[in-house]
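> Pasting the sequence and the predicted model now:
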Amino acid sequence: MGTAKRERQKANRQARLEAAVEAQQKAKTRRRYLGFVLIAVVFLGGAFLINRLSGGGDDAATEEATEAGDASTSTTAAKAGFAYSVGECPTAGAERTTTFKVAPKQCIDPSKSYTAVFDTSAGSITVALDTARAPGTVNNFVALAGWRYYENSLLFRTDPSIGIIQGGGRTNKDTPGYTIPDEGSGYTYSPGQLVMARTAAPNSAGAQFFFTVDDKASALNGQGTYVPFGTVTSGLDVLQRILASHVAEAGNPLGGAPDPAVVVRGVTITEG
């Protein structure tokens with residue numbers, strides 16, 4: 001009898017153990033599923049880029065995605081009242097810096113003109129920066145370029161479905177450690193713009209940017225939250241070749257990347 005009882009107790013303990021293990025496995029599976037859903041929502045709703053709008057869909061297409069906006073909103077910019085921070089401005093010959101505690105203070109003179117030249121492995125791209133419409137965003141970009149933040153970064157993303165090329169880091173995860181305020185909304189997009197990338201959250205831009213390369217960029221008009229802060233004056237053909245070299249990456253909702261990889265050796269700012 002004792003032996004039979006012990007066997008039953010042993011069997012019951014084993015059954016309880018197996019039930020506990022099964023419950024843990026189910027809970028782990030649920031957590032994985034919920035985690036995947038959350039990541040998908042964040043990715044599609046925002047992640048340091050642009051929403052991927054292809055075939056009339058509404059999938060994420062940038063490092064930072066955004067929610068749908070009103071395409072009828074007129075283009076505006078907060079020329080007055082941009083909240084500059086207190087970070088130091090770069091000086092000539094400044095040591096390369098890629099991580100900051102705060103955004104820069106005002107380093108540019110918005111009454112002057114500024115030109116950015118991107119020295120890339122695919123060719124040179126020249127951009128006239130728009131201090132009239134987006135002085136705060138231009139100030140941030142000029143400061144980062146002066147700190148040599150963009151040296152040896154990549155134009156790491158291409159997405160022909162919305163006609164854009166994204167850069168500003170080695171991947172869409174790179175950040176300078178701070179964000180800057182948005183400047184206006186209701187923007188529209190056309191070939192040859194330099195635009196700030198951001199997430200779905202307001203005031204979430206940092207260092208990443210994208211170029212609009214062709215008319216498909218107008219798919220982003222319904223959002224209008226990405227701040228254009230420059231116009232390509234030379235090198236649109238370089239951007240077109242880069243976009244044409246796009247290789248799709250399976251399972252990547254952000255599109256893919258150029259092949260061969262395009263390195264940004266540096267960005268030089270000229271004040272006029």
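Okay, I see it. Numbering: from 1, shown residues only.
> Could you pull up the residues touching Gly235?
Applying C-beta atoms under 8 Å, 6 or more residues apart in numbering, we find Gly235 in contact with 118, 123-126. (Glycine included, C-beta is placed from N, CA and C.)
> Look at the closest residue to it other than its chain neighbours and say how many residues are nearby.
Leaving aside its chain neighbours, Gly235 sits nearest to Ile125 (3.4 Å; criterion: C-beta to C-beta, 6 or more residues apart in numbering). Look at Ile125: counted by other C-beta atoms under 10 Å, it has 25 neighbours.
> sorry, back to before: which one of the contacts of Gly235 has the most neighbours?
Phe118 (27 neighbours).
> Include secondary structure and distance to Gly255 when you put the contacts of Gly235 into CSV, please.
Shown next, in CSV, are the contacts of Gly235 (DSSP: H, G, I helix; E, B strand; the rest coil; distance: C-beta to C-beta, whole Å):
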residue, secondary structure, distance to Gly255
Phe118, strand, 20
Gly123, strand, 21
Ser124, strand, 24
Ile125, strand, 20
Thr126, strand, 25
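> still on that earlier bit, in contact with the residue nearest to Gly235, which residues?
Neighbouring residues of Ile125 by C-beta under 8 Å, 6+ apart: 117-118, 211, 232, 234-235, 238-239.
> Report the separation between it and Gly192.
Noted for Ile125: a distance of 10 Å to Gly192, by C-beta to C-beta, to the nearest Å.
> Name the residues contacting each of these two.
Counting by C-beta under 8 Å, 6+ apart, the common neighbours of Ile125 and Gly192 are 211, 232.
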